[in-house]
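K.L.:
what shape does this take:
(one chain, ligands or ions: 2)
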Amino acid sequence: MKKIKNILKKKKKKKKKNQKMKQEIKEDPTLQNININDTIQVYFDIEKCNVDAKVLQIKTDEITNKKLYYVHFLNLEKRMDKWVEQSLIQKNYGKIPNSIDGANLINHSMLNDNFVLTRKRSSLFSNGSYTENENEIDKNVKIKNVEKIILGYYEINAWYFSPFPNEFTTNKILYICEKCLKYMKYKNTLIKHLKKCTFKNPPGKKIYEMKISSELSSSKKKDRISESISVYEIKGSENKLYCQNLCLIAKLFLDHKSIYFDVSPFKFYILTENDKNGNHIVAYFSKEVNELSEYNLSCIMVLPPFQRKGYGQFLISLSYYLSNKQNKICTPETPLSDLGKISYKSYWTITILDALLKNKGNLCVKDLSEQTGIKPEDITYTLNELSLIKYWKGQQVVQNINIKQIEEFLNKKKASKKNHVKFDENYIIDV
Ligand code: ACO
Ligand code: ZN
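P.N.:
Ligands and ions are numbered 1, 2, ... in the order given. Got it, this is the predicted structure:
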């Protein structure tokens, strides 16, 4: 009896404490008045400082009864958007008028290059569509519906909203079969599925296979050392479900492209790392089947655990190899994302400088385009960025270039990529 009394007493105490906490929250007048579209200061845990953020959505947590705010950190990439509790919001935050540019209030040099779009970088690539454009965010508030996916060896945090059916996103975690890309809500369902899944590798035709040394393997764990990489070419029209699932997964890391449910106008190129346990999906790009299209790539995505290892450059090289084989001058479909622009700029820079070096600088934009398969506009853009172009008699001509400087630049760039897997057309099997 005494025991029950004690339990009841404890419960009462806990209830009182909770009520007090709720009151405290209610009693904080500055935090009570936060509305959607307000700009507030939120503690940004990664950099351990307060950052201006715009409130996109407000809700009350059903279990804790606490208010939660879905915020977009100004001048940071949209993939950092998240739900925050009141405890992370600066008290007496003194709402900042929305017209003020929050960039003044944060020292961007503090932010890690790994995950943010810095002001410098955004002005460097100011054309194209940018997700940090506040008006765009207003128009299209898509709150992240999946927090993470479990795929193969990895647990991967999602960056953006993706239109998975609502009934699959209630747990915020998706379990995905890395072989057939079927997504599931529960771990047990995945375990059962893996026992009967008939896929050994991506469907479609294997078009590339190359052995890689253990140093280039993404995983250093003994039983997971990659021995080779492969690329499979898949027709959307023939493997509809696989390609639709791939698009849904890709959308978790792509903000600016609409998802294709009609996958039949596209081919998909899937890159896998292969170890003793089989093929593991790493990245992909899609491409229009239409031979008349000037685009040689529609969407590219490297799964986050495999990024910054050169796979982006590998797939971009493959996309140009494929269009060059058809004697086509091509370009990627725009708009490019921030990371897409960085990757393309890097590919174009190295390819164009290599061509200039081989020809001792004696190439005009047209020659460069014919030699590399890169569209003249992309060549002009890159040469402009490198300050290697000038206008002369109404025409754009390549500046007198310093061969030695270019050689040094390229050597340095290539040395920094010595641990990257590189595309080599000798390993193409059949295209
Ligand atoms: N921050 C800064 N620089 C980066 C980052 C980053 N997070 N990631 C890559 N880079 C740089 C690399 O340093 C490298 O530059 P360098 O050649 O000057 O050294 C360059 O980008 C390419 O690096 P890779 O390792 O080849 O690229 P990665 O394998 O990481 O793939 C990709 C690049 C595909 C853009 C990847 O970041 C990704 O999937 N992002 C999410 C989806 C996306 O934005 N896709 C592009 C959309 S545009 C389109 O589809 C047409
Ligand atoms: Zn499966």
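K.L.:
not counting sequence-adjacent ones, nearest residue to residue 313?
P.N.:
residue 347 (5.7 Å; C-beta to C-beta, 6 or more residues apart in numbering). Any C-beta I mention is one placed from the backbone N, CA and C, and that applies to glycine too.
K.L.:
quick one: the one you found is in a helix?
P.N.:
Yes: assessed by DSSP: H, G, I helix; E, B strand; the rest coil, residue 347 belongs to a helix.
K.L.:
what about the stretch 1-150 of the chain, any weak spots by pLDDT?
P.N.:
By pLDDT under 70, the low-scoring segments of the stretch 1-150 of the chain are 1-30, 91-141.
K.L.:
just grab the bridge partners of the closest residue to ligand 2 within it for me.
P.N.:
Here the stretch 1-150 of the chain gets closest to ligand 2 at one residue, residue 150, 13.2 Å apart by C-beta to the ion. Judged by DSSP bridges, the bridge partners of residue 150 are residue 155, residue 175.
K.L.:
tell me how many other residues crowd the residue nearest to residue 169 when sequence neighbours are not counted.
P.N.:
In space, and not counting its chain neighbours, residue 169 is closest to residue 145: 4.4 Å by C-beta to C-beta, 6+ apart. By other C-beta atoms under 10 Å, 18 other residues sit near residue 145.
K.L.:
could you check how far residue 145 is from residue 61?
P.N.:
Counting by C-beta to C-beta, to the nearest Å, the gap from residue 145 to residue 61 is 16 Å.
K.L.:
surely residue 275 and residue 226 touch.
P.N.:
Yes: contact between residue 275 and residue 226 holds when scored by C-beta atoms under 8 Å: they sit 5.1 Å apart.
K.L.:
touching both of those two, which residues are there?
P.N.:
Counting by C-beta atoms under 8 Å, 6 or more residues apart in numbering, the residues touching both residue 275 and residue 226 are 217, 219.
K.L.:
burial of residue 322, as a residue count?
P.N.:
Neighbours of residue 322 (other C-beta under 10 Å): 21.
K.L.:
how about the helices of this protein, start to end?
P.N.:
For the chain, the helices defined by DSSP state H occupy 2-27, 29-32, 119-124, 134-139, 187-196, 240-251, 311-325, 338-358, 365-372, 376-385, 403-416.
K.L.:
residue 293 is in contact with residue 326, correct?
P.N.:
No: here residue 326 does not reach residue 293: they are 11.0 Å apart, not a contact under C-beta under 8 Å.
K.L.:
for the protein, what lies in contact range of ligand 2?
P.N.:
177, 179, 180, 197 (C-beta under 5 Å from the ion).
K.L.:
at 6 Å instead, please
P.N.:
Proximity of the chain to ligand 2 is confined to 177, 179, 180, 182, 193, 197, 199 under the rule C-beta under 6 Å from the ion.
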